[in-house]
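S.K.: Have a look at this prediction, sequence included:
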Amino acid sequence: MELMKVRNYGELSERVGEMVIEKVNALEKPVLGLATGSTPEGLYEYLINQYKAEKVSFEHVVTFNLDEYVGLEKEDINSYNYYMNEKLFKHIGIPAHQTYLPNGNALDLNEEAINYEKRIKQAGNIDLQILGLGLNGHIGFNEPGTPFTSRTHIVQLDESTRQANARFFISLDEVPTQAITMGIETIMESEQIVLLVSGEGKAGALKRVVNGEVSEEFPASILQKHNNVIIIADEAACKLL
Ligand SMILES: O=P(O)(O)OC[C@H]1O[C@](O)(CO)[C@@H](O)[C@@H]1O
């Protein structure tokens, strides 16, 4: 695991942005794994600016998002579908049929999970997976206790995760109780993983990722076992290292 310490959030976004563009420019059909949440927003802004400056084309890029809430319409402003369209896809000329998110409104969610796995395999697996870090160590929506052998599946969201995400909703009651997420094994099959960690609030979680015991009780600790992981973290997040 490599730790790249940067000064602040702006620098974090730029560093990961450069890595994404390098990957996109190097491969014929790059497959990116994308994340939502606050942390990757700066990365997406950076990519939009580079696209506008004609430094990169997303014409041949395929993307797979980590997760989606269960029960929200695609157009719901809190769905990850909406987030990705607004914050990235509609600005970068990527063909819509090359951007995948799990369908949290599928009639048969278990079948959707199996199909999502198939689509990733058909695309040739993920070349570069972007991850954020939950305060409880979740990656994607894989909450503490999720087996390391999990594939894409339906999860019951932790109360702490619902509370952390309530800031985007009118009230806590509106936050869905379930989500569909890539599994930990699915994530670990990515060729390369970049974990983004910003802010003092994540310092304790980052310490456990880097120095803690590898345990299903702290899902992100599994990254210690991957042979191509880069953590990009700002000074505030590195405070306890
Ligand atoms: O970047 P944030 O907003 O701190 O979120 C961290 C993680 O939590 C989630 O938002 C889910 O709760 C993930 O999508 C994200 O990776």
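M.R.: Received, thanks.
S.K.: what pLDDT does the closest residue to the ligand within the chain get?
M.R.: When scored by C-beta to the nearest ligand atom, the chain has Gly132 as its residue closest to the ligand, at 2.5 Å. For the C-beta atoms, the positions are set from N, CA and C on the backbone; glycine is no exception. Gly132 is assigned a pLDDT of 98 by the prediction.
S.K.: Burial check on it, number of neighbours?
M.R.: Gly132 has 20 neighbours, counted by other C-beta atoms under 10 Å.
S.K.: do stretch 99-114 and the ligand meet at all?
M.R.: No. Stretch 99-114 lies out of reach of the ligand by C-beta under 6 Å from any ligand atom, never closer than 11.8 Å.
S.K.: Just the buried positions in that stretch, please.
M.R.: By neighbour count on 16 or more other C-beta atoms under 10 Å, the buried set for stretch 99-114 is Thr99, Tyr100, Leu101, Pro102, Asn103, Gly104, Asn105, Ala106, Leu109, Glu112, Ala113.
S.K.: Mind listing residues that contact it?
M.R.: Stretch 99-114 is contacted by residues 62-65, 67-74, 79-81, 84, 89, 116, 119, 151-154, 176, 179-182 when judged by C-beta atoms under 8 Å, 6 or more residues apart in numbering.
S.K.: From those, which land in helices?
M.R.: With helices defined by DSSP state H, the entries of the contacts of stretch 99-114 inside them are Tyr80, Asn81, Met84, Tyr116, Arg119.
S.K.: Sort out which of the residues you listed are buried, if you could.
M.R.: Buried subset of the ones in helices among the contacts of stretch 99-114 (neighbour count, 16+ other C-beta under 10 Å): Tyr80, Asn81, Met84, Tyr116.
S.K.: of all those residues, which two lie farthest apart?
M.R.: Met84 and Tyr116 (15.0 Å; C-beta to C-beta).
S.K.: one step back: can I have the buried ones of the contacts of stretch 99-114 as a ChimeraX selection?
M.R.: Selecting only the buried entries of these in ChimeraX, with 16+ other C-beta under 10 Å as the criterion:
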select :62,63,64,65,67,68,69,70,72,79,80,81,84,89,116,151,152,153,154,176,179,180,181,182
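S.K.: out of the contacts of stretch 99-114, who's near the ligand?
M.R.: Of the contacts of stretch 99-114, not one also sits near the ligand (C-beta under 6 Å from any ligand atom).
S.K.: So which of the contacts of stretch 99-114 sit within strands?
M.R.: Of these, the ones assigned to strands by DSSP state E are Val62, Thr63, Phe64, Asn65, Asp67, Glu68, Tyr69, His153, Ile154, Ala179, Ile180, Thr181.
S.K.: Worst mean pLDDT across the helices and strands of the protein, which element?
M.R.: Least confident helix or strand, the chain: helix 159-165 with a mean of 92, by mean pLDDT, DSSP states H and E.
S.K.: Would you mark the buried spots in that helix?
M.R.: Thr161, Arg162, Ala164, Asn165.
S.K.: thinking again about what came up before, isn't the residue of the chain closest to the ligand right up against Thr39?
M.R.: Yes. Counting by C-beta atoms under 8 Å, Gly132 does reach Thr39; the two are 4.3 Å apart.
S.K.: list the residues that contact both of these two?
M.R.: Leu196, Val197.
S.K.: Can you give me the neighbour number for His97?
M.R.: There are 7 residues near His97, going by other C-beta under 10 Å.
S.K.: Now do the SS call for it.
M.R.: helix (DSSP: H, G, I helix; E, B strand; the rest coil).
S.K.: returning to what we had before: filter the buried residues of helix 159-165 down to the ones near the ligand?
M.R.: Within those, those near the ligand by C-beta under 6 Å from any ligand atom are Thr161, Asn165.
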